[in-house]
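Participant: Need a 3D model of the sequence below.
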Amino acid sequence: SQLPVRYIKGVGPRREKLFNNLGVWAADDLLRYFPFRYQDKRNFVKVEGLKEGVFAAVEGIVCKVRYKQIPYFLTSRRVRHIFEIVLGDDTGKIKCVWFNQKYLTGIIKEGDKLIVYGKPSLYKGVFQIISPEFTTSKDKDDINVGRIVGTYRLPKELRQRFMRRIISGILDKYARDYQDPIPFHIRKKRNLLNIRESFSEIHFPSSWDKAAQARERFIFEELFLSQVLVYLRKARHTYQEGVPLKINEGWIEKIKKGLEFELTPFQDKAVHDIFRDMSKPYPMHRLLQGDVGCGKTVVAAFAAAFCLSCGWQVAFMVPTEVLAFQHTRTLSRFFKGLGFEEDGIKALTSSVSQKEKENIYKYLGNGKLKLVIGTHSLLQEKVKFKNLGLVIIDEQHKFGVAQRALLPKKSVLSPHCLVMSATPIPRSLALSLYGDLDLSVIKEMPAGRVSPDTIWVQEDKRAWVYDFIEGELRKKRQAYIVYPLIEEGEEEEIRSLKQMQRELAKRFSSFSLGVFHGKMKNEEKMATIEKFRNQKIKLLISTNVIEVGVNIENATVMVVENPERFGLAQLHQLRGRIQRSHHKPFFILISNDSISSLARQRLETIKEERDGFKIAEEDLKIRGPGDFFGNIQHGLPDLSVANPVKDLDVLKQARFFAYNTVKYDPYLKKTSNRYLREYLEIRFKGHFSFREHIDTGSKKSL
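Facilitator: Numbering: from 1, shown residues only. So this is what the prediction gives:
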């Protein structure tokens, strides 16, 4: 049901915002907000049978009640109200403690019969449970007692008991009429529970086996629906009328001869795959994937050259202004001597003057401007092309699904589309995430690239690190120091850029120091990077905004403070910034002694591993799919229970069934697919439009 969550009994406008923050907007979202663990409240444990750290339900009589209010001036913490009880059965007594829940004084009284559930701990030789869930004898038929119940990830303002009551209510009211989006024949072959039973068993399992079966069903469903969307998009690509191009071999060879280096075999193969795609009557949709510094931009330049040689325009969209101007410089050199006049290549960003923007709009419209490189500015309504033949999107995961779809729509015919990503992921997962795109992978570095040494030290080596930086600066080299925060935060052990700026200015007083972060104006950013490029700044202190596209060949050192605050993929991207140097580069991590074992595992990985694909795979294992796929998903719905790494076998099965579903019913018009189509139209309207799918043309096979 799409009933807004505020109209569900017990929610209302006050709690609505809390649910919205969880991604719950309607009753259907609530049904699909699954528990992350379960509590077995079927059997009670006697006090004498309690074990420290093991969750248990205890039934007893309230022997003692105590309430304490702490004055503000006596506590630096936020705890002001303490409510304690002693609960006893025929084998012993246990203390239960709640903080800042004064209302309990009116609910729990001495002599009451109570059931509490929580994790016991020993305090001064006595078992106690902090903030246990409880049920009074008045609530003997309560849904929280005598069964397996779910535990949900909730803000402190929402209680588990309240959440279960709300879920129970909508299960009774809406789940019974819920139509199953997985076609019956697929459920039968996979031996899956139907949707109604699955909702009931995942929220209130009748047994551990049923809980597992319900979870398995929803894992398959999530992966199956995502793969159906992938194949529907792939089918739509082949229905579109594209821009078939004829290769101008002479021009391409002229570019190759003008290069100061030879293409690697992987680059060469990618170029030929792209040329083959762009010769077809329907548009190319290709993902170019490769590690930081592997030469993706050169391959993109060949794609642009092919398109330009046939008289069509090219739009190249990048996530930052710095990258836009950097690519403009690179491609201007690349196309030098190929007959481009000065107005042939331009950058369009928010910092470009209004007069220059008007000229760009004019020359794109009349076709005089052949290649435009820009940020989100390319998506403005004023930007119109005479004959757009190719769209290139760099760091595609930095743009939203809707944004990526806008640029190709600026052409009457569907332009070819090349998207690039420096976030390598295993091929089996890439096929599932980007199944609607053909895949080119560059797996080796161009000749002459020097791999950085990665050094991980603790805080006590800071003086050595600063001495090392100074040594490199005295060799006329440059360096970065990267911080996770701009301003000082609540966590004292996390260093911030502004906090350290004065200290670094004093320590490196003999060298020019610059600052670069996301809150600076675009003009300031551009000026700072230009000074760094021209060596007027020797030491640049920055946040991770430099992870994308800042290439300074003379920079040989990058120091990352509190590296445990960055993801593995981010650290690998940052390391790639100093891989352009012809001198030996050094990537230095300074962490605290007190970091977690998980953080140590991640830093050990980045220290020992150079291969971006292996790092990404490790990142997936450590961080899980939620964080990782949040950064790279190609317009697919979010996954809440499925993990494409752990559930790889299920993913392969889901792909098989999704492929055949779309192959034999590309518009999902068969009766057996009716509820699948209805569900996709309602649930994932932001990811796929059936109207647009049908309007693209006549049916063609996958």
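Participant: count of neighbours near Met308?
Facilitator: Actually, residue 308 is Leu rather than Met. 23 (other Cβ atoms under 10 Å). (Each C-beta comes from the backbone N, C-alpha and C, glycine too.)
Participant: Leaving aside the residues adjacent along the chain, what's closest to Glu221?
Facilitator: Ile182 (5.8 Å; Cβ to Cβ, 6 or more residues apart in numbering).
Participant: isn't there a helix covering the one you found?
Facilitator: No: residue state for Ile182 (DSSP: H, G, I helix; E, B strand; the rest coil) corresponds to coil; a helix is not indicated.
Participant: ok, it touching Phe220?
Facilitator: Yes: look at Ile182 against Phe220 with Cβ atoms under 8 Å: they come within range, at 7.5 Å.
Participant: what's the overlap in contacts for these two?
Facilitator: Leu192 (Cβ atoms under 8 Å, 6 or more residues apart in numbering).
Participant: Quick one: residues in contact with stretch 93-103.
Facilitator: 47, 50, 58, 60, 63, 67, 69, 78-88, 104, 116, 118, 120, 123, 126-132, 134.
Participant: Could you give me the PyMOL syntax to select whichever of the residues you listed are buried?
Facilitator: Of the contacts of stretch 93-103, the buried ones go into a single PyMOL selection, burial set by 16 or more other Cβ atoms under 10 Å:
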select buried, resi 47+50+58+60+81+82+83+85+86+87+88+104+116+118+120+127+128+129+132+134
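Participant: Which of the contacts of stretch 93-103 fall within helices?
Facilitator: Secondary structure from DSSP state H places none of the contacts of stretch 93-103 in helices.
Participant: Okay, and which of the contacts of stretch 93-103 map to strands?
Facilitator: 58, 60, 63, 67, 69, 81-88, 116, 118, 123, 126-130, 134 (DSSP state E).
Participant: can you give me how far stretch 309-326 is from the chain middle?
Facilitator: 25 Å (Cα atoms, centre = their mean, to the nearest Å).
Participant: Now do the domain split for the chain, please.
Facilitator: Following automatic domain parsing, one finds the domains of the chain at 43-146, 249-442, 453-609.
Participant: pLDDT averaged over the shortest one - what is it?
Facilitator: Confidence for domain 43-146, expressed as mean pLDDT, is 85.
Participant: other SSEs contacting the helix ranked longest in the chain?
Facilitator: Across the chain, the longest stretch assigned as helix under DSSP H is helix 208-239. Judged by 3 or more Cβ pairs under 8 Å, 6 or more residues apart in numbering; DSSP states H and E, helix 208-239 is in contact with helix 195-203, helix 427-433, helix 648-664, helix 674-683, helix 690-695.
Participant: Out of those, flag the one nearest Lys257.
Facilitator: helix 427-433 (33.5 Å; Cβ to Cβ).
Participant: what about that closest one, average pLDDT?
Facilitator: The average pLDDT for helix 427-433 rounds to 66.
Participant: now do stretch 474-490
Facilitator: Computed over stretch 474-490, the mean pLDDT rounds to 83.
Participant: which of the residues in it are buried?
Facilitator: Neighbour-count burial for stretch 474-490 [16+ other Cβ under 10 Å]: Arg477, Gln478, Ala479, Tyr480, Ile481, Val482, Tyr483, Pro484, Leu485, Ile486.
Participant: swap in stretch 317-331?
Facilitator: Neighbour count says stretch 317-331 has 317-328, 331 buried, by 16+ other Cβ under 10 Å.
Participant: Among these, name the ones in helices.
Facilitator: Counting by DSSP H, the buried residues of stretch 317-331 place Glu321, Val322, Leu323, Ala324, Phe325, Gln326, His327, Thr328, Leu331 in helices.
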